[in-house]
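Undergrad: The sequence and its predicted three-dimensional model are supplied below.
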Amino acid sequence: MNEPVLVAAQGILFDMDGVLLSSIGSVRRCWRRWAKMYGVPNAEEYEVPHGVRAIDIVKSLRPDIDPQEGLRAIEEMEVEDVGDLQVLPGVKTLLAGLPLERWAIVTSSTRRLLLARLKAAGLPVPERIISADDVERGKPDPEPYRRGAELLELRPEECLVVEDAPSGVGAGKAAGSRVLGVLGTHSAAELHGADWIVGSLEGLAVKVDPKGLELRFSPVA
């Protein structure tokens, strides 16, 4: 563990899965069911690429089908499979201390799935959301995080992006934001593009003042 660092930001853009909550069990079960339904080879062993929009995964696995049909099928499965979602350490305390106008969720999930997972996890629904439905190009394209900064009426460089996946780290950096990586779904080596990496959000303290936010944490890398 390194010495604590202080980072000033005007707003925070959170990814959802792997940052605020863990839905890895549901994701794995549902995508393997979907893969078997659609005849994907080795469906029982399929590992979904984390942090990528479902519609982009559908297109890569079965480019011959109607992508909206495939998206509806996986969305329905995942919305119904929320029984074992877990809120990640430190998240509830952190969100409770943030002014609503200072944070947003920027996720590769559809809005319907995002709302279902937040409800199941007992987490607050932010006023500002960028979901897979709101962008033409998903992560690692910078569009989602640029749109997220716009929702906060900020420039991307004024925002701290919090991510757990290489695609999201790449999107945040390409947008011009600083990125805090969170371990869980990927190793520190896989998140090498992040400015800092922490083990969880449990040790992240935020001080709020009229000028913005001051974040204090001890990075592992």
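TA: Thanks, I have the structure now. Numbers count the residues shown, from 1 in each chain.
Undergrad: which residues touch residue 196?
TA: The contact partners of residue 196, taken as CB atoms under 8 Å, 6 or more residues apart in numbering, are 5, 7, 179, 180, 181, 217, 219, 221. Backbone N, C-alpha and C define where each C-beta goes, glycine included.
Undergrad: and if we set it to 10 Å?
TA: The contact partners of residue 196, by CB atoms under 10 Å, 6 or more residues apart in numbering, come to 2, 5, 7, 160, 178-182, 215, 217-221.
Undergrad: Let me see the domain layout of this structure.
TA: 5-23+85-217, 24-80 (automatic domain parsing).
Undergrad: Show the end-to-end separation of the first one, please.
TA: So the one you mean is domain 5-23+85-217. Here the two ends of domain 5-23+85-217 are set 6 Å apart, with distance taken as CA to CA, to the nearest Å.
Undergrad: what separates it from the chain centre, distance-wise?
TA: Centre-to-centre, domain 5-23+85-217 and its host chain are 6 Å apart (CA atoms, centre = their mean, to the nearest Å).
Undergrad: and if you look at the shortest one?
TA: When C-alpha coordinates are averaged (CA atoms, centre = their mean), domain 24-80 and its chain have centres 18 Å apart.
Undergrad: so for it, what's the average pLDDT?
TA: On average, the pLDDT along domain 24-80 is 96.
Undergrad: Adjust the sequence numbering to begin at 553 for everything that follows.
TA: Yes, from this point I'll number from 553; that puts the last item at domain 576-632.
Undergrad: Give me the neighbour count for the residue lying closest to residue 710 once chain neighbours are set aside.
TA: Distances taken as CB to CB, 6 or more residues apart in numbering place residue 562 nearest to residue 710, at 4.0 Å, with adjacent residues excluded. By other CB atoms under 10 Å, 17 other residues sit near residue 562.
Undergrad: For residue 562, give me phi and psi.
TA: Recorded main-chain torsions at residue 562 are phi -90, psi -30, according to degrees, to the nearest 10.
Undergrad: quick one, what contacts it?
TA: Contact analysis of residue 562 by CB under 10 Å, 6+ apart lists 654, 701, 704-707, 709-712, 763-765.
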